[in-house]
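Colleague: fold the following.
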Amino acid sequence: MKIAIIGTHSTGKTSIIHQLSLVLQARGERVFVVSELSRRAPGEINEGAKLATQLWIQEKQKEEELRCAQHNGTIVCDRSTLDNFAYLERVAGEKDVSVMEKDAVKHMKTYDFVFKTKKLAMQAEEDGVRSVGDSFRNDIEARIVGLLHKHSIEHHTLPGTLDYAHIVSFIHHIIVPKPQSVQFVTAQA
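Modeller: Numbering: from 1, shown residues only. Down below sits the predicted model:
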């Protein structure tokens, strides 16, 4: 099973993934996490990012997912190719990125479940890496939502709360197979 947690930066994705991983491991599952890659990018991120940096992040995302897929277990991704593409699209300017968009959308079919965080009406916490500028976060949020709708990508919107236990319970309820009901048929004479 492969799960993607997507959304603009500073919406709790990493915290949700940490809690979800603990719950899945407690169920006896092997869990492999594909961490957010922008922190390892070889160039500037945030408002000053360049196209080359965003392309690196996009390709690394797919490489890391492929590496994790070689193991038997559940893969939980901090981002997907779609939200990474939203950042890429922002810096592309007038460049034609339609081929990259198609590739990102095609790759979305590899996720069994996509969960979208909500940007809450509160200031992002300064972490020394990610931008806390609301206009930048709002722009990325709008791009992600637009791409999800434009390409009819199936996803679940997570509850708008900081109660991570509630969010993980919401996710768990969706990803855990429900017992099949059995109907008995009586033979007619």
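Colleague: just give the number of residues close to the closest residue to residue 45 other than its chain neighbours.
Modeller: Nearest residue to residue 45 in three dimensions, chain neighbours excluded: residue 38, at 4.7 Å (C-beta to C-beta, 6 or more residues apart in numbering). C-beta: built from backbone N, CA, C; applies to glycine. For residue 38, the neighbour count with other C-beta atoms under 10 Å is 23.
Colleague: okay, residue 38 and residue 29: tell me how far apart.
Modeller: To residue 29, residue 38 is 27 Å away according to C-beta to C-beta, to the nearest Å.
Colleague: the residue nearest to residue 45 and residue 58 touch, don't they?
Modeller: No. With contact defined as C-beta atoms under 8 Å, residue 38 does not reach residue 58; the gap is 10.7 Å.
Colleague: hey, where'd the helices end up in the chain?
Modeller: Ranges of helices within the chain are 13-26, 51-69, 81-92, 98-107, 134-150, 164-175, based on DSSP state H.
Colleague: reformat the ones you listed as JSON lines; add mean pLDDT.
Modeller: Shown next, in JSON lines, are the helices of the chain (pLDDT from 0 to 100):
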{"stretch": "helix 13-26", "mean pLDDT": "95"}
{"stretch": "helix 51-69", "mean pLDDT": "95"}
{"stretch": "helix 81-92", "mean pLDDT": "95"}
{"stretch": "helix 98-107", "mean pLDDT": "98"}
{"stretch": "helix 134-150", "mean pLDDT": "94"}
{"stretch": "helix 164-175", "mean pLDDT": "95"}
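Colleague: just the ones you listed: most buried one?
Modeller: Of all those, helix 81-92 carries the top mean neighbour count, a mean of 23, counting by mean count of other C-beta atoms under 10 Å.
Colleague: restricting to C-alpha, output that helix in PDB.
Modeller: The C-alpha trace of helix 81-92 is given here as PDB (Å, rounded to 0.1, in the frame of the first residue of the first chain):
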ATOM      1  CA  THR A  81       4.400  14.300  -7.400                       C
ATOM      2  CA  LEU A  82       1.300  16.500  -7.700                       C
ATOM      3  CA  ASP A  83       2.000  18.900  -4.800                       C
ATOM      4  CA  ASN A  84       5.700  18.900  -5.800                       C
ATOM      5  CA  PHE A  85       4.500  19.900  -9.300                       C
ATOM      6  CA  ALA A  86       2.600  22.800  -7.800                       C
ATOM      7  CA  TYR A  87       5.800  24.300  -6.600                       C
ATOM      8  CA  LEU A  88       7.500  23.500  -9.900                       C
ATOM      9  CA  GLU A  89       4.700  25.200 -11.900                       C
ATOM     10  CA  ARG A  90       5.000  28.300  -9.700                       C
ATOM     11  CA  VAL A  91       8.700  28.900 -10.700                       C
ATOM     12  CA  ALA A  92       8.300  27.800 -14.300                       C
END
